[in-house]
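A.B. asks: Sequence unavailable; structure follows:
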């Protein structure tokens, strides 16, 4: 019974709670049982909050029985990346420096989920300070991919990806600066949304790079992501980047079909230079979208080559500015990889950073040009599948060996540089049984269309419904 | 002009300018990392050279009456 409950998607669990056929206490207990059984192997959690979760679940159950149902997240077990502040509960940022940090207030996203009635079962493992793509954390141990425990769950929200894929909770929040929601979503075979910059408040969320950071849902399905996004999106006076505009009813938008939706595939880029299994999965996914009514066409884009370098330049300089004080007072408490990047970032020239920010303008204009004649751009999320846990380099299909950070950025770099929303969806498996991700990039603040494309795709396929044998 | 390989001595000088203390082990690690990273940055520099009409994608957010609690 416990496994059956843990296997429910967020939307299915919400329907059960709304009809009072499902108990939030039993659902939360099922999640906690599964965490206890499986997390020693996955290391997806830094902190498990069993007692407070059960207390919140009992309160939710009582409120719902009394007729106070707050909506689809009421009584649903979720978990938060440990970069997101939780009042009275330690929030480490995956670091030793903040190992004992207990915030005295919630992040805005935490508060909004609490108000929606969500139950927090714990805080999730991550790459230290979100500064990396592996979740090979030197302080809390490496998180592992539930599809193959020797493989990486990706990062920096690797614990979020592993926990959702292993059915340890119905959904999670991650953060995405360069790739950190979408990469672990792809590696772990789940759905993960990077919202537009300004759609979701970053208040109370640890900073990696101010001009790139976002918070996004990581769930089993696009529909589940829509439900979580609906609760966390919207203007926040404490984050002045957030847009003061109404938040659509994302779930309601899912009911529209794909007929006539225009999907752009970037010529000599979207399907080039991939592992053959990834290329095959992406090509089949495009066929599925066509069969669903979408109009898929190739578009030409130029000058994409500097995108990875531009993203890395910004994502080196801004973290060094944020960490400047700790780097001078507590440098020995960082893990080696993060410390080296932070120190290197101190030595960049100002013009390096400005040129990268100027490149963003050029790239964004070009992406918006494509998106004038298409509702979405589709690429794979990553050109390959999850590498070994300790890998710092990967071999590309071309035979070239590349550091894992630039290697994962080929497609991931475009949405953050453009400030655009992007959803990673499971679209198949490679020959070793590892998940493959498809990325759907949308217009600024049009998360609704991106989620709709994902939802309709998931109505016709079952990749999202498959779960790892653990 | 070709960009030279980043050496520990260069890192030592740059770190002093940045008022950042790095011991010999750190200088070696940073030199290796920085050499690759500056190669990336140089790619963007070359690409943007001459495109003087393009400004950076950074914006300032202005407080509103609502933000100020009015």
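C.D. replies: Looks like it came in fine. All of these numbers come straight from a predicted model, not from anything done at the bench.
A.B. asks: Only C-alpha atoms from now on, for both contacts and neighbour counts.
C.D. replies: OK.
A.B. asks: Mind telling me which residue of the stretch 101-250 of chain A is nearest chain B?
C.D. replies: Here the residue of the stretch 101-250 of chain A nearest chain B is residue A:237; by C-alpha to the nearest C-alpha that distance is 5.0 Å.
A.B. asks: Other residues contacting the lengthiest helix in chain A?
C.D. replies: Counting residues, the longest helix in chain A under DSSP state H turns out to be helix A:350-370. Applying C-alpha atoms under 8 Å, 6 or more residues apart in numbering or on different chains, the external contacts of helix A:350-370 come out as A:264, A:299, A:301, A:303-304, A:307, A:309-311, A:313-314, A:317, A:417-419, A:443, B:41-42, B:44-45, B:48, B:54-58.
A.B. asks: model confidence over the next helix or strand after that helix, on average?
C.D. replies: Using DSSP states H and E, the helix or strand that follows helix A:350-370 in sequence is strand A:376-380. In this model, strand A:376-380 has an average pLDDT of 98.
A.B. asks: Can you name the element that comes right after strand A:376-380?
C.D. replies: Where DSSP H and E defines the elements, the next helix or strand beyond strand A:376-380 is strand A:393-395.
A.B. asks: And chain B, is that next one touching that?
C.D. replies: No. On the criterion C-alpha under 8 Å from any C-alpha of the partner chain, strand A:393-395 is out of touch with chain B, staying 13.6 Å away.
A.B. asks: which secondary structure elements does that strand contact?
C.D. replies: Packing contacts for strand A:393-395, counted by 3 or more C-alpha pairs under 8 Å, 6 or more residues apart in numbering or on different chains; DSSP states H and E, involve strand A:401-403, helix A:404-412.
A.B. asks: can you list the weak-confidence ranges in the chain?
C.D. replies: No chain in the question, so chain A it is. Low-confidence segments of chain A (pLDDT under 70): A:1.
A.B. asks: ah, no, chain B please
C.D. replies: Counting by pLDDT under 70, chain B shows low-confidence ranges at B:58-70.
A.B. asks: how about 80 then?
C.D. replies: Along chain B, the model assigns pLDDT under 80 to residues B:1, B:57-70.
A.B. asks: And what about the residue of chain B found nearest chain A, helix, strand or coil?
C.D. replies: Nearest to chain A in chain B, going by C-alpha to the nearest C-alpha, is residue B:56, at a distance of 3.9 Å. Under DSSP: H, G, I helix; E, B strand; the rest coil, residue B:56 falls in the coil class.
A.B. asks: Identify the residue spatially nearest to it, adjacent ones excluded.
C.D. replies: Spatial nearest neighbour of residue B:56, chain neighbours left out: residue A:358 (3.9 Å); criterion: C-alpha to C-alpha, 6 or more residues apart in numbering or on different chains.
A.B. asks: ok so, going back, taking the contacts of helix A:350-370 one by one, which sit in strands?
C.D. replies: Judged by DSSP state E, the subset of the contacts of helix A:350-370 located in strands is A:264, A:299.
A.B. asks: Go ahead and build a PyMOL selection from the buried members of the contacts of helix A:350-370.
C.D. replies: Here is the PyMOL selection string for the buried members of the contacts of helix A:350-370, based on 16 or more other C-alpha atoms under 10 Å in any protein chain shown:
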select buried, (chain A and resi 264+299+301+304+307+309+310+311+313+314+317+417+418+419+443) or (chain B and resi 41+42+44+45+48+57)
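A.B. asks: Just name the most buried of the helices and strands packed on strand A:393-395.
C.D. replies: Greatest average neighbour count among the helices and strands packed on strand A:393-395 goes to helix A:404-412 (a mean of 21), per mean count of other C-alpha atoms under 10 Å in any protein chain shown.
A.B. asks: Against which helices or strands is it packed?
C.D. replies: With contacts taken as 3+ C-alpha pairs under 8 Å, 6+ apart, helix A:404-412 sits against helix A:182-188, helix A:306-322, strand A:393-395.
A.B. asks: With distance to residue B:6 as added columns, please give these in CSV.
C.D. replies: Output for the helices and strands packed on helix A:404-412, formatted as CSV (distance: least, C-alpha to C-alpha, whole Å):
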stretch, distance to residue B:6
helix A:182-188, 31
helix A:306-322, 17
strand A:393-395, 21
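A.B. asks: From residue A:302, how far off is whichever residue of chain A sits closest to chain B?
C.D. replies: Taking C-alpha to the nearest C-alpha, chain B has its nearest neighbour within chain A at residue A:358, 3.9 Å off. Separation of residue A:358 from residue A:302 (C-alpha to C-alpha, to the nearest Å): 16 Å.
A.B. asks: Kindly report the same for residue A:55.
C.D. replies: To residue A:302, residue A:55 is 55 Å away according to C-alpha to C-alpha.
A.B. asks: how about the residues of chain B near chain A?
C.D. replies: Counting by C-alpha under 8 Å from any C-alpha, chain B sits next to chain A at B:11, B:14-15, B:18, B:20-21, B:26, B:29-31, B:33-34, B:37-38, B:40-45, B:47-48, B:54-58, B:61-63, B:66-67.
A.B. asks: quick one: what helix or strand has residue A:112 in it?
C.D. replies: If you go by DSSP H and E, residue A:112 is part of helix A:108-115.
A.B. asks: Count the residues that sit near the residue of the stretch 101-250 of chain A closest to chain B.
C.D. replies: For residue A:237, the count of nearby residues is 18 (other C-alpha atoms under 10 Å in any protein chain shown).
A.B. asks: Phi, psi for it please.
C.D. replies: Main-chain dihedrals, residue A:237, degrees, to the nearest 10: phi -60, psi -20.
A.B. asks: again with residue A:193
C.D. replies: Backbone torsions of residue A:193, given as degrees, to the nearest 10, read phi -110, psi 120.
A.B. asks: Identify the nearest residue to it in space, disregarding sequence-adjacent positions?
C.D. replies: Nearest non-adjacent residue to residue A:193, counting by C-alpha to C-alpha, 6+ apart: residue A:423, 4.4 Å away.
A.B. asks: for residue A:197, same thing?
C.D. replies: Of all residues not flanking residue A:197 in the chain, residue A:419 sits nearest, at 5.2 Å (C-alpha to C-alpha, 6+ apart).
A.B. asks: Buried ones in stretch A:109-117, by neighbour count?
C.D. replies: By 16+ other C-alpha under 10 Å, the buried positions in stretch A:109-117 come out as A:109-114, A:116-117.
A.B. asks: Contacts only, for residue B:47.
C.D. replies: Residue B:47 neighbours (C-alpha under 8 Å, 6+ apart): residue A:306.
A.B. asks: Show the contacting residues for residue A:88.
C.D. replies: Counting by C-alpha under 8 Å, 6+ apart, residue A:88 makes contact with A:102-105.
A.B. asks: top of those residues by neighbour count?
C.D. replies: Sorting the contacts of residue A:88 by how many neighbours each has (other C-alpha under 10 Å) puts residue A:103 first, at 17 neighbours.
A.B. asks: Next, find the distance separating that one from residue A:446.
C.D. replies: 33 Å.
A.B. asks: Many thanks, I have nothing further to ask.
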